[in-house]
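Trainee: here's a sequence, model it:
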Amino acid sequence: MTVDLQPLANAIRALSMDAVQAANSGHPGMPMGMADVATVLFTEFLKFDPEAPKWADRDRFVLSAGHGSMLAYSTLYLAGYQRPTIEDIRNFRQLHSPCAGHPENIELEGVESTTGPLGQGLAMAVGMAMAERHLNAVYGDDLVDHRTWVIAGDGCLMEGINHEAIGLAGHLGLGRMIVLWDDNRITIDGKTDLSTSEDVLARYQATGWHTESCDGHDFADIRRAITAALADNRPSLISCRTLIGKGSPNKQGTSGVHGSPLGGDEIAATRAALGWTAEPFVVPSDILDAWRAKCARGGQAHKAWQGRLSNNARSAEFVARMSGELPAVPAMADYLKSLAETAPKVATRKSSEMALEVLTAGIPAMVGGSADLTGSNNTKTKATTPYGRDDYAGRYVYYGIREFGMAAAMNGMALHGGVVPYGGTFLVFSDYCRNAIRLSAIQEQRVVYVMTHDSIGLGEDGPTHQPVEHVMSLRTMPNVAVFRPADAVETAECWQLALARANGPSVLALSRQNLPAVRFDVSENLCAKGGYRLKAAEAERKVVLVATGSEVEIALATQAALEAKGIGADVVSMPCTELFDVQSAAYKAELLPRDALIVSIEAGVTLGWERYTGLDGLNIGIDRFGASAPAEALYDYFGLTAEKIVPRILEKLSN
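Mentor: Numbers count the residues shown, from 1 in each chain. Got it, this is the predicted structure:
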């Protein structure tokens, strides 16, 4: 039986304008403009089961234009998901409502990713499409055979990350990714011709994408364009020419409907224009029933998939992998013992590579990569062969010089499930990745950022490449664990901890320069405490030296010099302040006693260390940009040597 789709689309419009009006806040224009496209997508093409939102082989749908969140909430409700309920929608944008101002993956099971920062939704979708192809290559069509769909706006396509993301997707031939562009030619400031005149379709075609155009308010034409995209083996962009705020007689097609409620009078006029007579937040039963009947088809596909899963010899492995369960790696214990015995003097970036050789061999879900710095980041291992259109089973992605795109793609891979992504660049370029790292944290995703060349220790490349503020600034970000290990043992332990963090990202800040071994006790993972006493004072303790990474060896040399003067000093290695902060008060007080002078030593800004040293402590670091010179000269110039630290401690003690 043919169902008239117009009333179904108008249900999205009505719910969207009512919710924004009730909240007196929000963006009604996009959901009203894309209601027709979304109706065709959800009722005819999207593969999903509202009764099993986390079905592994569902299509992934990303609302990249996250400001139009009512499009997501309306379609989820209409399609029959358990939540949001109509009461949730009534409470749109209110405290504790799952219908947040922008979609949040941790609030609703039907929301695949948190979006709002424009461009990142589409870029994360690239990662989802990458994960789908990888898992398909590993497990076959019977278990993994789905698509990634995106609704994006003009802003998503203008953002710089769009260039990185679509270049990567086109290069990798991610033909199961389809982007529906809300081509309404309106931004907050007004018409798009105020700020852009580019040929978007030509730009996408130049990066290897297939493109289509359609009338975004003609159901048959929308259907035709999607069908054509499905038939092409390239990623597809469909330009859906739409009218923002479609249905609003006086505001449609204007920037005034983008980010403000319609107002009571205009809502009444819109209801009349649409022929929508139902009360606010009421969807007539025939329309709701039609929506849910059309969306029930996914249940049959899910049932058939469950049959294939139960008959698959690798079903248990697949289920465990998709749930995020990682296998134990017994070889790590032997590896740690070997480090304690051999005491290698290597850069922690090399230590990371050594640990990765063991970990990637034992954890097939780990998929690595680098933003064109593989030889510097040391992120590739024997187990990780190149990922590409010739071999999607590969586990190493050459991202090119696309730091932001890499970080967003890793978020998408993690969100998809079945993949634990890690990727490398220089720590100073974490600024390029920063907003994606923030989304890793907000979305509670296990993503590991391998950030090498972590201080002035990189030497001659100078202040543009020498991070001084980056480690501390990343520590300020909630739910991010920043690890700065001191040697090969600590690096291995930090990798173990990063992989164990199932609900948040980790940053490994690693040295370019070689560092001596400082840890020889591998009976337990001491880095798990965030900070620990590496070496106790011999004389009466008067000083506690707290250091991270490459400065731990300096702290040990400083301790030796102080002890020679009869001044007892503990050395505390603090590879992860976030983990230290959650230790018991008693443990922290025992490690950092108030009756001692507490001195922090880190080759970065001193801001933040006073929370550990106290106002009467001593913070030794670099509160300016670096300089171009060999590393040894720089450490001496900036006062980061035992010879220059000891006099400062003696002066402080005398006062």
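Trainee: which residues are in contact with the residue most central in space within the chain?
Mentor: The centroid of the chain falls nearest to Ser440 when counting by C-alpha atoms, centre = their mean (2.9 Å). Contact analysis of Ser440 by C-beta atoms under 8 Å, 6 or more residues apart in numbering lists 407, 410-411, 414, 447, 480, 504-505. For every residue, glycine as well, the C-beta is placed using N, CA and C.
Trainee: what of Leu356?
Mentor: Taking C-beta under 8 Å, 6+ apart as the test, what Leu356 contacts is 368, 378-379, 381, 495.
Trainee: kindly recompute the last result at 10 Å.
Mentor: 363, 366, 368, 378-384, 422, 448, 450, 491-492, 495 (C-beta atoms under 10 Å, 6 or more residues apart in numbering).
Trainee: wouldn't Ser69 be in contact with Ala19 here?
Mentor: Yes - the pair Ser69 / Ala19 is scored as a contact, 9.2 Å apart, by C-beta atoms under 10 Å.
Trainee: shared neighbours, these two?
Mentor: With C-beta under 10 Å, 6+ apart as the test, Ser69 and Ala19 both reach 26, 31, 92-93, 99.
Trainee: most neighbours among the residues you listed, please name it.
Mentor: Pro31 (33 neighbours; other C-beta atoms under 10 Å).
Trainee: low-confidence stretches in the chain?
Mentor: 1 (pLDDT under 70).
Trainee: repeat that with 80
Mentor: For the chain, applying pLDDT under 80 flags the ranges 1-3.
Trainee: after the helix or strand encompassing Val367 comes which helix or strand?
Mentor: Per DSSP states H and E: Val367 is located in strand 366-370. Reading on from strand 366-370 to the C-terminus, the next helix or strand found by DSSP H and E is helix 374-377.
Trainee: quick one: contacts of that following helix?
Mentor: Contacts for helix 374-377 (C-beta under 10 Å, 6+ apart): 349, 352-353, 368-371, 380, 396, 398-399, 422-426, 450-453, 458, 508, 510, 512.
Trainee: spit out the contact partners of Tyr392.
Mentor: 130-138, 172-174.
Trainee: point out the ones among the contacts of Leu356 that are inside strands.
Mentor: 366, 368, 422, 448, 450 (DSSP state E).
Trainee: what is the neighbour count of the last one?
Mentor: It stands for Val450. For Val450, using other C-beta under 10 Å, the count is 27.
Trainee: then the second one?
Mentor: One way to gauge burial is a neighbour count; for Gly368, by other C-beta under 10 Å, it gives 26.
Trainee: surely it touches Lys382?
Mentor: No - here Gly368 lies out of contact with Lys382, judged by C-beta under 10 Å, at a distance of 11.8 Å.
Trainee: related to what we said a few turns ago, which among the contacts of Leu356 end up buried?
Mentor: 363, 366, 368, 378-381, 383-384, 422, 448, 450, 491-492, 495 (16 or more other C-beta atoms under 10 Å).
Trainee: what is the nearest of those residues to Thr342?
Mentor: Closest to Thr342 out of the buried ones among the contacts of Leu356 is Ala492 (12.8 Å), distances taken as C-beta to C-beta.
Trainee: state the distance from the closest one to Gly362.
Mentor: 13 Å (C-beta to C-beta, to the nearest Å).
Trainee: got any residues that touch both of these two?
Mentor: Met332.
Trainee: just to revisit the earlier point, want to throw the ones in strands among the contacts of Leu356 into JSON lines with distance to Ile151?
Mentor: JSON lines is the format used below for the ones in strands among the contacts of Leu356 (distance: C-beta to C-beta, whole Å):
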{"residue": "Met366", "distance to Ile151": "31"}
{"residue": "Gly368", "distance to Ile151": "31"}
{"residue": "Tyr422", "distance to Ile151": "29"}
{"residue": "Val448", "distance to Ile151": "30"}
{"residue": "Val450", "distance to Ile151": "33"}
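Trainee: ok, which pair from these is furthest apart?
Mentor: Met366 and Val450 (11.7 Å).
Trainee: overlap of the contact sets of these two?
Mentor: If you check Met366 and Val450 against C-beta under 10 Å, 6+ apart, the residues they both contact are 356, 422.
Trainee: show me the contacts for Leu180.
Mentor: Contacts of Leu180 by C-beta under 10 Å, 6+ apart are 34, 37-38, 40-41, 64, 149-152, 212, 214, 216, 222, 225-226, 229, 236-240, 242.
Trainee: any idea which helix or strand carries it?
Mentor: Under the assignment here (DSSP H and E), Leu180 is part of strand 177-183.
Trainee: pairing partners for that strand, with directions?
Mentor: strand 148-152 (parallel), strand 236-241 (parallel) (DSSP bridges).
Trainee: surely Val571 forms part of a helix?
Mentor: No - judged by DSSP: H, G, I helix; E, B strand; the rest coil, Val571 forms no part of a helix; its state is strand.
Trainee: now do it: how many residues are near it, please.
Mentor: Around Val571 there are 25 other residues, counting by other C-beta under 10 Å.
Trainee: for it, list each beta-bridge partner.
Mentor: Lys535, Leu545.
Trainee: tell me where the stretch 501-650 of the chain has helices.
Mentor: 552-564, 577-581, 585-591, 610-613, 631-637, 642-654 (DSSP state H, counting those that start in this stretch).
Trainee: turn the ones you listed into JSON lines, columns for mean neighbour count.
Mentor: As requested, the helices of the stretch 501-650 of the chain are exported to JSON lines (neighbours: other C-beta atoms under 10 Å):
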{"stretch": "helix 552-564", "mean neighbour count": "21"}
{"stretch": "helix 577-581", "mean neighbour count": "19"}
{"stretch": "helix 585-591", "mean neighbour count": "13"}
{"stretch": "helix 610-613", "mean neighbour count": "16"}
{"stretch": "helix 631-637", "mean neighbour count": "17"}
{"stretch": "helix 642-654", "mean neighbour count": "15"}
